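>>> Here is a sequence together with a model predicted from it:
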Amino acid sequence: MALPVAFFAVFFAWPVAAIVARGLDVDGGWRFGRLWDVLTEPGIRHVLWFTTWQALASTGLTLLLALPAAYVLGRFAFPGRQLLRAVVTVPFVLPTVVAGTAFLALLGRGGLLDELWGVRLDTTVWAILLAHVFFNYAVVVRTVGGLWAQLDPRQEEAARMLGASPLQAWRRVTLPALAPAVAAAALMVFLFTFTSFGVVQILGGPRFSTLEVEIYRQTSEIFDLSTAAVLTLIQFAAVGAILAVHAWTVRRRETALRLVDPAVTARRPRGAGQWALLAGVLGTVAVLILLPLAVLVQRSLDAPGFAYYEALTRADGGTFLVPPIEAIGNSLEYALAATAIAVVVGALAAAALTRRDAGRFVRGFDALLMLPLGVSAVTVGFGFLIALDEPPLDLRASWILVPLAQALVGVPFVVRTMLPVLRAVDVRLREAAAVLGASPWRVWREVDLPMVRRALLVAAGFAFAVSLGEFGATVFIARPDNPTLPVAVARLLGRPGDLNYGQAMALSTILMVVCAVALLVLERLRTDRTGEF
């Protein structure tokens, strides 16, 4: 636990505490009354209301559209099932900047809807909600569908034999069993949409602002650190409550069910109703997921030949000090370094969490590992600039600052991927090796590592994908001569002109392809089918 605790203390707790302390420390004294001052401002109350409202609406819409797909992928066997599973997961590993750019190409000025019917939905709440569904569709499908595939169908069949209608059997048998998984998925969707930044920043325009966007505005544009600090504390409290409820729902799902092999429950669709359901799910995936990505690619090719891609090789001296194409190499280098850090820290934390004699502190640290996914990345990034600017950790001018911020987001994915596999290793194998004289290091190398090697590769792949697309913290700390892909896309979208717009589409397409390839490789390596996302 020493290295994971030190890593989170220095590169997460310290930067967040530093910016909050800087914001609340006014004239040498702490102004806790500032909390009330900020909360009573009409503009801030509107931000809090919109943040909560759009998160609830996004969660409800995601459940409505994704639960049928969870059933189809959990219960039906059909050609292309694994490909469909991979396709619906592609948006989740995409950077939010790319998701926002894809919907901008579909719904914005000159987009597909604008060309066909003269309708623009950018700068409307509908664009934000649809983009959130696009991004979080896989959370519901994989979390609920993975568990649905392992529920014993004989329980529902027994209820039917005792006289229950199909609806009664589903409501009284299947739904209670699925409820913890549905609740866990809903809480994660709510968390991701409550802290949404890139999507709202690109699609919301000046009318809509979530807590995360308002923190960014107060920090970088108005430079009102006291308001930003208060908003950070509010978001921190909300995220902590969400994660506590999520941990409780996950424990219920783990302990209350008897699961079976998913291969036993899957069967071909029967009857017109089930085939219609399958067709409806395929249609939803085509419109909601494939269409925005296809329009993104098409917009990047609008100019004759590959003009937008060729323009990426030239520096304009305004938006970038270097050709935008160099952002690809920068992002890959940063992501590889972040992946190495996340794998080391996450694997050590997962190994500590698997011990049966782990104390309350270790079990509590499991929940803390999820905090970087919900706490303001903007706060973390700006906190890096404030906290890590003097010896012995003067890193403001160092390239390692970006990978460290990206690794914070990657560690939770490493832990969540490694933990189920490590817990599945029979402790008696380790004990037998120890009795035969093996050192702890040799036990890990010859017993644990062969069993978790594939899970370790999957964890590294997830860490690489999310590091590649990290935006909230990186936008503060990436140097102008070393931009990452998401930062480059955001800068290009922020400048007028068709050339800048086209280059943003081209860079987003490249980033989408890299993330999609990484995901397809992960799907081939993945062995865990327990419903853990």
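Here it is on my side, so go on. Residues are numbered from 1 along each chain as shown.

>>> The stretch 351-500 of the chain: strands as residue ranges?
389-390, 393-394 (DSSP state E, counting those that start in this stretch).

>>> In the chain, which helix is the longest?
helix 42-75 (DSSP state H).

>>> would you turn the strands of the stretch 351-500 of the chain into a markdown table with distance to Gly410?
Where C-beta positions appear, they are placed from N, C-alpha and C, glycine not excepted. Shown next, in a markdown table, are these (distance: least, Cβ to Cβ, whole Å):
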| stretch | distance to Gly410 |
| --- | --- |
| strand 389-390 | 24 |
| strand 393-394 | 20 |
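
>>> just so I know, which of the ones you listed lies nearest Trp148?
For the strands of the stretch 351-500 of the chain, proximity to Trp148 was assessed by Cβ to Cβ; strand 393-394 is nearest, at 47.2 Å.

>>> partner strands of that closest one, parallel or antiparallel?
strand 389-390 (antiparallel) (DSSP bridges).

>>> Show me which residues of the helix or strand encompassing Arg154 are buried.
Per DSSP states H and E: Arg154 is located in helix 153-161. Residues of helix 153-161 classed as buried: Glu156, Ala159 (neighbour count, 16 or more other Cβ atoms under 10 Å).

>>> okay, it in CSV with CA atoms only?
The C-alpha atoms that make up helix 153-161 are tabulated as CSV, following Å, rounded to 0.1, in the frame of the first residue of the first chain:
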residue,chain,number,x,y,z
PRO,A,153,-33.3,-18.5,-16.3
ARG,A,154,-34.8,-21.5,-14.5
GLN,A,155,-35.9,-19.2,-11.7
GLU,A,156,-38.1,-17.2,-14.0
GLU,A,157,-39.3,-20.4,-15.7
ALA,A,158,-40.3,-21.8,-12.4
ALA,A,159,-42.4,-18.7,-11.7
ARG,A,160,-44.1,-19.1,-15.1
MET,A,161,-45.0,-22.7,-14.3
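
>>> Looking at the record's assignment, how would you partition the protein?
According to automatic domain parsing, the chain comprises the domains 1-27+305-533, 41-300.

>>> can I get those in CSV with mean pLDDT and distance to Leu35?
CSV is the format used below for the domains of the chain (pLDDT from 0 to 100; distance: least, Cβ to Cβ, whole Å):
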stretch, mean pLDDT, distance to Leu35
domain 1-27+305-533, 80, 8
domain 41-300, 83, 5
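
>>> Redo the strands of the stretch 351-500 of the chain as CSV? Include distance to Ser331 and mean neighbour count.
CSV is the format used below for these (distance: least, Cβ to Cβ, whole Å; neighbours: other Cβ atoms under 10 Å):
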stretch, distance to Ser331, mean neighbour count
strand 389-390, 24, 11
strand 393-394, 24, 12
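
>>> for Arg423, what are its contacts?
When contacts are counted by Cβ atoms under 8 Å, 6 or more residues apart in numbering, Arg423 touches Thr354.

>>> Tell me which helix or strand comes right after the longest helix of the chain.
helix 81-93.

>>> helices or strands next to that following helix in the packing?
helix 42-75, helix 125-148, helix 271-285, helix 449-469, helix 498-525 (3 or more Cβ pairs under 8 Å, 6 or more residues apart in numbering; DSSP states H and E).

>>> With distance to Pro166 as added columns, please give these in a markdown table.
Putting those into a markdown table (distance: least, Cβ to Cβ, whole Å) gives the following:
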| stretch | distance to Pro166 |
| --- | --- |
| helix 42-75 | 13 |
| helix 125-148 | 16 |
| helix 271-285 | 10 |
| helix 449-469 | 37 |
| helix 498-525 | 32 |
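
>>> JSON lines please, covering those and showing mean neighbour count and distance to Glu431.
Shown next, in JSON lines, are those (neighbours: other Cβ atoms under 10 Å; distance: least, Cβ to Cβ, whole Å):
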{"stretch": "helix 42-75", "mean neighbour count": "19", "distance to Glu431": "37"}
{"stretch": "helix 125-148", "mean neighbour count": "25", "distance to Glu431": "31"}
{"stretch": "helix 271-285", "mean neighbour count": "14", "distance to Glu431": "47"}
{"stretch": "helix 449-469", "mean neighbour count": "21", "distance to Glu431": "15"}
{"stretch": "helix 498-525", "mean neighbour count": "20", "distance to Glu431": "29"}
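
>>> among those, which is nearest Ala338?
Across those, closest to Ala338 is helix 449-469 (Cβ to Cβ), at 3.8 Å.

>>> The closest one packs against which elements?
Short answer (3+ Cβ pairs under 8 Å, 6+ apart): helix 449-469 packs on helix 81-93, helix 96-107, helix 326-353, helix 401-424, helix 485-493, helix 498-525.

>>> for that helix, the distance to its chain's centre please.
For helix 449-469, the distance from its own C-alpha centre to the chain's C-alpha centre is 15 Å (Cα atoms, centre = their mean, to the nearest Å).

>>> And stretch 398-410, by the same measure?
Distance, centroid of stretch 398-410 to centroid of chain: 16 Å (Cα atoms, centre = their mean).

>>> And it, what's buried?
Neighbour-count burial for stretch 398-410 flags Leu401, Val402, Pro403, Leu404, Ala405, Gln406, Ala407, Leu408, Val409, Gly410 (criterion: 16+ other Cβ under 10 Å).

>>> which of the residues you listed lies closest to Thr219?
For these, the nearest to Thr219 is Ala405 (15.0 Å; Cβ to Cβ).

>>> Next up, the contacts around that closest one.
Phe11, Ala377, Val380, Gly381, Phe384, Glu470, Ala473, Thr474, Ile477.

>>> thinking again about what came up before, between the strands of the stretch 351-500 of the chain, which gets nearest to Arg491?
It's strand 389-390; of the strands of the stretch 351-500 of the chain, that one is closest to Arg491 (Cβ to Cβ) at 24.0 Å.

>>> neighbouring contacts of the closest one?
Leu395, Arg396.

>>> Just give me the residue closest to the centre of the chain.
By Cα atoms, centre = their mean, the chain has its centre lying nearest to Phe92, at 6.1 Å.

>>> For the residue nearest to it when sequence neighbours are not counted, give me its contacts.
Once flanking residues are discounted, Phe92 sits nearest to Ala138: 4.2 Å by Cβ to Cβ, 6 or more residues apart in numbering. When contacts are counted by Cβ under 8 Å, 6+ apart, Ala138 is found next to Val88, Thr89, Val90, Pro91, Phe92, Phe533.

>>> Look up how far Arg430 lies from the nearest residue to the third one once chain neighbours are set aside.
For Val90, ignoring the flanking residues on the chain, the nearest one in space by Cβ to Cβ, 6+ apart is Ala516 at 5.1 Å. Separation of Ala516 from Arg430 (Cβ to Cβ, to the nearest Å): 38 Å.

>>> just how off-centre is the strand or helix carrying Ala186 within its chain?
Using DSSP H and E, Ala186 sits in helix 175-194. Put simply, helix 175-194 sits 15 Å off its chain's centre (Cα atoms, centre = their mean).

>>> buried sites along the next helix or strand after that helix?
Helices and strands here follow DSSP H and E; after helix 175-194, the next one along the chain is helix 198-203. For helix 198-203, the neighbour count (16+ other Cβ under 10 Å) marks Gly198, Val199, Val200, Gln201, Ile202, Leu203 as buried.

>>> Mind listing what's buried along the helix or strand following helix 198-203?
Next along the chain after helix 198-203, taking DSSP H and E as the criterion, comes helix 211-216. Judged by neighbour count (16+ other Cβ under 10 Å), helix 211-216 contains these buried residues: Leu211, Glu212, Val213, Glu214, Ile215, Tyr216.

>>> Could you work out which of the helices and strands packed on helix 449-469 reaches nearest to Phe464?
helix 326-353 (4.5 Å).

>>> Next, find the distance separating the residue nearest to the centre of the chain from Leu296.
Taken as Cβ to Cβ, the span from Phe92 to Leu296 is 16 Å.

>>> Phe135 too?
For Phe135, the distance to Leu296 - Cβ to Cβ - is 14 Å.
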